[in-house]
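>>> Quick one: sequence and predicted model below, then my questions.
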Amino acid sequence: MTTTWMRWLSATMATPLRFVAFVARAAAAALRGMPAIDVALLTSRLLVRSLPIVVVVNFFCGAMLTVQAAASLQIFGAASMSGVIVGFGGVREVFPLLAGGALAARSGAEIASQLQAMRVTRQIEALAMMGLDPLALLVAPRLLACVFGAPLCVLAAMLAGLFGAQAVGTLQLGIDGGTMWAALLSGVSRFDVVVGAVRGVLLGVLVGGVATFEGFASGDNDAASVGRAAHHAVIRGMVVVCAACLLLSWLIYGRHA
């Protein structure tokens, strides 16, 4: 039993180190040169497939936050100020977090399954035998697509969440439209928007890194490994997204609390 736990602990501690080394190798491969057209196409594909999900999820999230905030403030007669809570709470934390989760669930799973399928069908091995760098041709473009696409998803999530809050506040709760917009925007500053974009870059590195790592670095070559790679990319991607958002919140906002 002790030996089993020691092996599990050793493997658990080694995985983050392998992940960091893998991302560093992919970044070095990108600097050596890669197909720029692939990056553009993969970024476009990521936005087309993930952006609608991000927008819809955050629109409803903004609406639900408004309902809960208004219900909580109603006892103080301040339901019209619910937009302030949704504004800074959603833009700073909730909307970027959901954008990262949606990106991991949609594009992360797709990237991991694609790369693992290439490994199962020996395409990665064939590229290496031809003297080509699979990291530069397959991993780096997908990683950069996540880095470029994630900030746009985060900014779109912020906007969609605010519109969802505005829609529910005016149409369901009867709050004046101008008052609702003023309350929503009063809690948002340019600094928060910049932080959201920077957060999106970090989330793109993490989601793209986890997805490519699960799909490319796996040692399995059976058909079921494609599904396992996608599953691991989603679960582990969401975990690192939550952990990164918590860390950034503490570093940026927590010290001023």
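Sure, I can see it.
>>> my read: residue 175 touches residue 84, true?
No - with contact defined as CB atoms under 8 Å, residue 175 does not count as touching residue 84 (11.9 Å). Placement of C-beta: from N, CA and C, glycine included.
>>> Next, residue 173: phi, psi?
Taking degrees, to the nearest 10, you get phi -90, psi -10 for the backbone angles of residue 173.
>>> which residues sit in contact with it?
Neighbour list for residue 173: 66, 67, 70, 79, 82 [criterion: CB atoms under 8 Å, 6 or more residues apart in numbering].
>>> per-residue pLDDT, residue 65?
pLDDT recorded at residue 65 is 89.
>>> element containing it, please.
Using DSSP states H and E, residue 65 maps to helix 36-73.
>>> What of residue 234?
Per DSSP H and E: helix 224-252 holds residue 234.
>>> Would you mind measuring from residue 248 to residue 57?
Relative to residue 57, residue 248 is positioned 20 Å away (CB to CB, to the nearest Å).
>>> Kindly report the same for residue 31.
Distance of residue 31 to residue 57, given as CB to CB: 35 Å.
>>> do residue 122 as well
Residue 122 sits 37 Å away from residue 57 when distances are taken as CB to CB.
>>> Counting neighbours, what do you get for residue 26?
25 (other CB atoms under 10 Å).
>>> so what's it closest to, chain neighbours aside?
The shortest distance from residue 26 to any non-neighbouring residue, by CB to CB, 6 or more residues apart in numbering, is to residue 139 (4.7 Å).
>>> wouldn't that neighbour be in contact with residue 28 here?
No - between residue 139 and residue 28 there is no contact under CB under 8 Å: 11.0 Å.
>>> out of the two, which sits in the more crowded spot?
Higher neighbour count among residue 139 and residue 28: residue 139, with 30 against 12, using other CB under 10 Å.
>>> what's the more buried one in contact with, if anything?
Contacts of residue 139 by CB under 8 Å, 6+ apart are 26, 29, 115, 212, 216.
>>> Rounded mean pLDDT for the strand or helix carrying the first one, please.
This means residue 26. Using DSSP H and E, residue 26 sits within helix 2-32. Averaging pLDDT along helix 2-32 gives 74.
>>> Same check on stretch 87-98?
89.
>>> again with stretch 196-205
Rounded mean pLDDT across stretch 196-205 is 93.
>>> Which of the residues in that stretch are classified as buried?
Buried residues in stretch 196-205, defined by neighbour count with 16 or more other CB atoms under 10 Å: 196, 199, 200, 202, 203, 204, 205.
>>> Off-centre distance for it?
The chain centroid and the centroid of stretch 196-205 are separated by 8 Å under CA atoms, centre = their mean, to the nearest Å.
>>> What of stretch 174-189?
Distance, stretch centre to chain centre, for stretch 174-189: 27 Å (CA atoms, centre = their mean).
>>> same deal with stretch 132-151?
Centre-to-centre, stretch 132-151 and its host chain are 15 Å apart (CA atoms, centre = their mean).
>>> So for that stretch, first residue to last residue, what's the gap.
31 Å (CA to CA, to the nearest Å).
>>> and the residue nearest the centre of the chain, what does it touch?
Centroid-nearest residue in the chain: residue 100, 2.1 Å away (criterion: CA atoms, centre = their mean). Taking CB under 8 Å, 6+ apart as the criterion, residue 100 is in contact with 150, 154, 200, 203, 206, 207, 238, 241, 244, 245.
>>> And residue 124, by the same measure?
So residue 124 contacts 115, 118, 134, 138, 216 (CB under 8 Å, 6+ apart).
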